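# coords please:
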Amino acid sequence: AYEIASCLVGPEMCIRDRKRMAENFRGRKGIIIGGGASGLMAAITAAEQGAAVTVIEHTARPGKKILSTGNGKCNLTNLYMDPSFYRSDEKGFWGTAIRNFPPKAAVAFFRNLGVLTMDRGGYVYPMSGQAQTVLDALLRGAKRAGVKIVTGCEVEKAGRKKEHFEVTTNLGTFTGDFLILACGSKAAKATGSDGSGYELAKQFGHRIIKPLPALVQLRCEGDLLPKASGVRVDALVSIQTADGKTAAKDRGELQITDYGISGIPVFQVSRYAAKLLDQKKKVLASLNFLPDLDETKVRYLLREQREVLSGETAEDFLSGIFNKKLASVLLKAAKIQTDKKAGLLTSEELERLGATIREFKIPVKETNPFEQAQICTGGVDTAEIEAETMQSKRVPGLYIVGELLDVDGICGGYNLQWAWSSGYAAGCHAAAGIVPGYLKNSRAAGKTMTFSGAEGNRTQGKQERKKHTYDPDQSAHTSRGPRGRGHKEKGGKASKSR
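Numbers count the residues shown, from 1 in each chain. As a prediction, the model looks like this:
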């Protein structure tokens, strides 16, 4: 049986052989360590394939991290997919699992659990607007499939004994024909992710790529920018090295804090800052506060503003463009007195101010800790995992899924989609030996509601702002503007999952 489990099942296998393999696997016992998004998906999928599944969860209630996603509304997937939205040392690893269980499959899966979803410009949420709806549906699905969930269960050790796995816990020993590690990363420990899965994976001989905080705020040096703490502004955020090379950049609503910078564009590029800092390299955040204007247009704007407000102070001269707190910071950074009359500003001063507005550079000293991070970069090396099945190449019958793997996505539902897709792959293969495409002919597939209320209109407005992400891992410069998230400006093809 383990010899069969360790093989990949390609699309060329005939339906009769697939069914025969599934029958050979029926009735297998499985253990899943971790009751989060990927663990619950794997459990439901495996149980529906006929396996007897036990989920071991060390907290008092499974799925706690799901409740914090999407600011409590649970952005459970995104209809737009592009290779640059996922990162891994093993490039493209995530692709097979996403193709077998794409965003529309996630929508269908939850619809079959009674959850109606709505599409807000590609971002998919439960119609209820509550993450609790998604967690309740998963727990309901697990119960319906006969999954046993044991909470408050701390794993002490795990191993393979002859032809079965044995997991020793504070509540006794569990055995199974297959074992799925869905323990999560080190991010957001308060939700149950304590990093214990890395040690379990090491026990089976797997290599761990150093986990670092990702989708996290950046702490910066200096006391000037914090004077604008609380200000939110549309900006292009670039992570640069000391030699001026750009590691990553993204555009969106920047939030200035008393310790540094936050907001979606900061989250998107934070993994690159974390890696550079871990390599002991000097890291700079370059902020462009007028990303729609090039150098010439900024110069023209400031000269025009000087003429229009020649009798006003320099501070008032900028307050018609920026928040007053930010205007004061920009003037001080450009070494311009805030009380100087705008009409007396020299061309040299305007040049300095324009350069400051377009390239406000601040040294980054560290990321916020794992407790504030949404996910991690790093994890179990995916070179040691079968991409189609999530099965270990080292230990047949062992599967590793979700955040525990070296796969991290950008904000917008992509990390939950990875949890659904990887959990589905592992659950299917562990229980039935095959990973079929999910519900391709299902009536439920792809049914989302387009939300047209006031909140939806605001969301759509945010979507239509041009945003840019440079991802050196994928060599793709992507734009998520009015043409839709995922449009590539330089080659390649982005798609909206159908």
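# Now do the strands in the stretch 301-450 of the chain.
Assigned by DSSP state E, counting those that start in this stretch, the strands in the stretch 301-450 of the chain fall at 360-367, 375-380, 398-400, 408-409, 448-450.
# And those strands: which comes nearest Thr191?
Between Thr191 and those, the tightest spacing by C-beta to C-beta is seen for strand 375-380, at 11.5 Å. (Each C-beta comes from the backbone N, C-alpha and C, glycine too.)
# Show me what that closest one is packed against.
With contacts defined as 3 or more C-beta pairs under 8 Å, 6 or more residues apart in numbering; DSSP states H and E, strand 375-380 has these neighbours: helix 196-203, strand 208-214, helix 264-278, strand 408-409.
# I'd like the next helix or strand past the longest one.
Beyond helix 264-278 on the C-terminal side, the first helix or strand identified by DSSP states H and E is strand 283-288.
# What are the buried residues along that next one?
283-288 (16 or more other C-beta atoms under 10 Å).
# can you give me the helices for the stretch 251-400 of the chain?
264-278, 295-308, 314-319, 324-333, 347-358 (DSSP state H, counting those that start in this stretch).
# pLDDT on the shortest one, on average?
Mean per-residue pLDDT for helix 314-319: 90.
# counting contacts, what elements does it pack onto?
Helix 314-319 packs on helix 295-308, helix 324-333, going by 3+ C-beta pairs under 8 Å, 6+ apart.
# Apart from its chain neighbours, what residue comes closest to Leu302?
Leu350 (4.7 Å; C-beta to C-beta, 6 or more residues apart in numbering).
# in the protein, what spans have low per-residue confidence?
Along the chain, segments meeting pLDDT under 70 span 1-26, 439-498.
# any idea which of the helices of the stretch 251-400 of the chain is most buried?
Using mean count of other C-beta atoms under 10 Å, the stretch among the helices of the stretch 251-400 of the chain with the largest mean neighbour count is helix 264-278, at a mean of 24.
# How about the contacts made by Phe289?
Listed by C-beta atoms under 8 Å, 6 or more residues apart in numbering, the contact partners of Phe289 are 233, 235, 322, 326, 330, 357-358, 360.
# ok, so of these, who is nearest Gly252?
For the contacts of Phe289, the closest approach to Gly252 (C-beta to C-beta) belongs to Ala235, at 7.8 Å.
# thought that closest one was touching Leu254?
Yes. Ala235 lies in contact with Leu254 (C-beta atoms under 8 Å); the separation is 4.1 Å.
# what sits in contact with each of the two?
Common neighbours of Ala235 and Leu254 (C-beta under 8 Å, 6+ apart) are 265, 287.
# Quick one, which of the strands of the stretch 301-450 of the chain gets closest to Ile434.
So among those, strand 398-400 is nearest, using C-beta to C-beta, at 14.1 Å.
# which strands and helices sit next to the closest one?
strand 178-181, helix 414-432.
# re earlier: please tabulate the strands of the stretch 301-450 of the chain in CSV, including the columns mean neighbour count and distance to Cys220.
Output for the strands of the stretch 301-450 of the chain, formatted as CSV (neighbours: other C-beta atoms under 10 Å; distance: least, C-beta to C-beta, whole Å):
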stretch, mean neighbour count, distance to Cys220
strand 360-367, 18, 5
strand 375-380, 28, 20
strand 398-400, 28, 35
strand 408-409, 24, 22
strand 448-450, 14, 39
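# residue contacts, the residue lying closest to Phe178 once chain neighbours are set aside?
Excluding the flanking residues, the one nearest Phe178 by C-beta to C-beta, 6+ apart is Ala430, at 4.2 Å. When contacts are counted by C-beta under 8 Å, 6+ apart, Ala430 touches 5, 28, 30, 42, 46, 51, 178, 180, 391, 397, 399.
# List the contacts of the helix or strand hosting the fifth one.
Per DSSP H and E: Ala46 is located in helix 37-48. Helix 37-48 is contacted from outside by 30, 32-33, 35, 53, 55, 57, 62-63, 65-66, 138-139, 141-142, 145-147, 149, 180, 182-183, 399, 401-403, 416, 418-420, 422-424, 426-428, 430-431, using C-beta under 8 Å, 6+ apart.
# Please list only the buried members of those.
In the contacts of helix 37-48, burial by neighbour count holds for 30, 32-33, 35, 53, 55, 57, 62-63, 65-66, 138-139, 141-142, 145, 147, 149, 180, 182-183, 399, 401-403, 416, 418-420, 422-424, 426-428, 430-431, counting by 16+ other C-beta under 10 Å.
# Now do stretch 224-244: distance to the chain's middle.
From the chain centre to the centre of stretch 224-244 is a distance of 22 Å (C-alpha atoms, centre = their mean, to the nearest Å).
# in it, what counts as buried?
Neighbour counts over stretch 224-244 (16+ other C-beta under 10 Å) mark 225-226, 228, 231, 233-240 as buried.
# In strands, which of those residues fall?
In strands, defined here by DSSP state E, the members of the buried residues of stretch 224-244 are 233-240.
# Now render those as JSON lines, adding distance to Ala188.
Listed next are these as JSON lines, based on distance: C-beta to C-beta, whole Å:
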{"residue": "Val233", "distance to Ala188": "27"}
{"residue": "Asp234", "distance to Ala188": "27"}
{"residue": "Ala235", "distance to Ala188": "26"}
{"residue": "Leu236", "distance to Ala188": "28"}
{"residue": "Val237", "distance to Ala188": "22"}
{"residue": "Ser238", "distance to Ala188": "27"}
{"residue": "Ile239", "distance to Ala188": "22"}
{"residue": "Gln240", "distance to Ala188": "28"}
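# Which of the residues you listed sits closest to Phe370?
Nearest member of those to Phe370, counting by C-beta to C-beta, is Ile239, at 19.4 Å.
# got a list of what that closest one touches?
246-249, 269, 272-273, 276, 283-286, 364.
# Report the inter-axis angle for the helix holding Ala46 versus helix 414-432.
Orientation check (axes from the mean of the first three to the mean of the last three C-alpha atoms, to 10 degrees): helix 37-48 against helix 414-432 gives 30 degrees.
# moving C-terminal of helix 37-48, what's the next helix or strand?
Per DSSP H and E, the first helix or strand lying C-terminal to helix 37-48 is strand 52-56.
# strand partners of the helix or strand following that following strand, parallel vs antiparallel please.
Per DSSP H and E, strand 52-56 leads on to strand 77-78 as the next helix or strand towards the C-terminus. Each strand paired with strand 77-78, and its direction, by DSSP bridges: strand 123-126 (antiparallel).
# Helix or strand next in line after the partner strand, which one?
Following strand 123-126 toward the C-terminus (DSSP H and E): helix 131-145.
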